[in-house]
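> the sequence isn't on hand, but the structure is:
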């Protein structure tokens, strides 16, 4: 009975509000207001404010600190990155978390939906003034060296007070190229292998990255693509390079 009375009271209050605004509000808008109120009541009916329950907390499994980095182009290699693996639940619900602390005091983070042994590389991929992070995460228990490659960039270069970290390449997803073409996810997923390298590109001001793939016959590192960043995005290059 109390529940019915509460619902009737809520509906009555909505009707009163609708009537008080009927001279200046269209009928369609009044209906929208009623529907929104009812939806909010349903969505919050079972929600309570509480501290994080123990079973929802993640457990840090391992971590490694990388120092003396130049990720924002400011200072003298005074930036740091901390890579760790967090587990949620009792099974293999794990993610990789990379936290970046700049010498100017700001801290940023990216959560990557993969985990495994990894390689941490840096290179001047987007600017001559600073390094980007290349994190290659191997797929656990893969029998052909499967991996996922992420390229992270701290922006902007300079003294802007709100720096951000952007994922500019993720082989879990499609890669948009500067010429308008796209390397589809279907060609990347489960085909990327470990072995990513930073490379110097002949006659170019910045560096690139080599990523290895299975070839059509399924050979490990059977295909290599060299990616170079331009103002319009990634370009696959075939020129002579010096690794």
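Structure received. Given the structure is predicted, the values throughout are model-derived calculations rather than measurements.

> wait, residue 230 touches residue 179, no?
No - counting by C-beta atoms under 8 Å, residue 230 sits too far from residue 179 to count as a contact (9.8 Å). Every C-beta, even on glycine, is put in place using the N, C-alpha and C of the backbone.

> give me the neighbour count for residue 129.
Neighbourhood size, residue 129 [other C-beta atoms under 10 Å]: 12.

> for the closest residue to it other than its chain neighbours, give its distance to residue 228.
Spatial nearest neighbour of residue 129, excluding adjacent residues (C-beta to C-beta, 6 or more residues apart in numbering): residue 73 at 3.8 Å. Per C-beta to C-beta, to the nearest Å, residue 73 is found 19 Å from residue 228.

> one more: residue 57?
The value you get for residue 57 to residue 228, if C-beta to C-beta is used, is 42 Å.

> same question, residue 83
25 Å.

> what of residue 71?
Taken as C-beta to C-beta, the span from residue 71 to residue 228 is 20 Å.

> neighbour count winner among residue 73 and residue 228?
Using other C-beta under 10 Å as the criterion, residue 73 and residue 228 rank with residue 228 on top: 19 against 16.

> contact partners for the more buried one?
201, 204, 206, 208, 234-237 (C-beta atoms under 8 Å, 6 or more residues apart in numbering).

> one more: residue 81?
Applying C-beta under 8 Å, 6+ apart, the residues contacting residue 81 are 65-66, 69, 71, 98-101, 120, 133.

> nearest to residue 217 among those?
Distance to residue 217, by C-beta to C-beta, is smallest for residue 120 among these, at 30.8 Å.

> that closest one: which element?
In the assignment (DSSP states H and E), residue 120 maps to strand 118-123.

> got the angle between the helix or strand following that strand and strand 118-123?
Using DSSP H and E, the helix or strand that follows strand 118-123 in sequence is strand 132-138. Counting by axes from the mean of the first three to the mean of the last three C-alpha atoms, to 10 degrees, strand 132-138 lies at 160 degrees to strand 118-123.

> okay, buried residues for whichever helix or strand comes after strand 132-138 please.
Where DSSP H and E defines the elements, the next helix or strand beyond strand 132-138 is strand 147-155. By neighbour count on 16 or more other C-beta atoms under 10 Å, the buried set for strand 147-155 is 147-155.

> pull up the pairing partners for strand 147-155, direction included.
strand 132-138 (antiparallel), strand 164-170 (antiparallel) (DSSP bridges).
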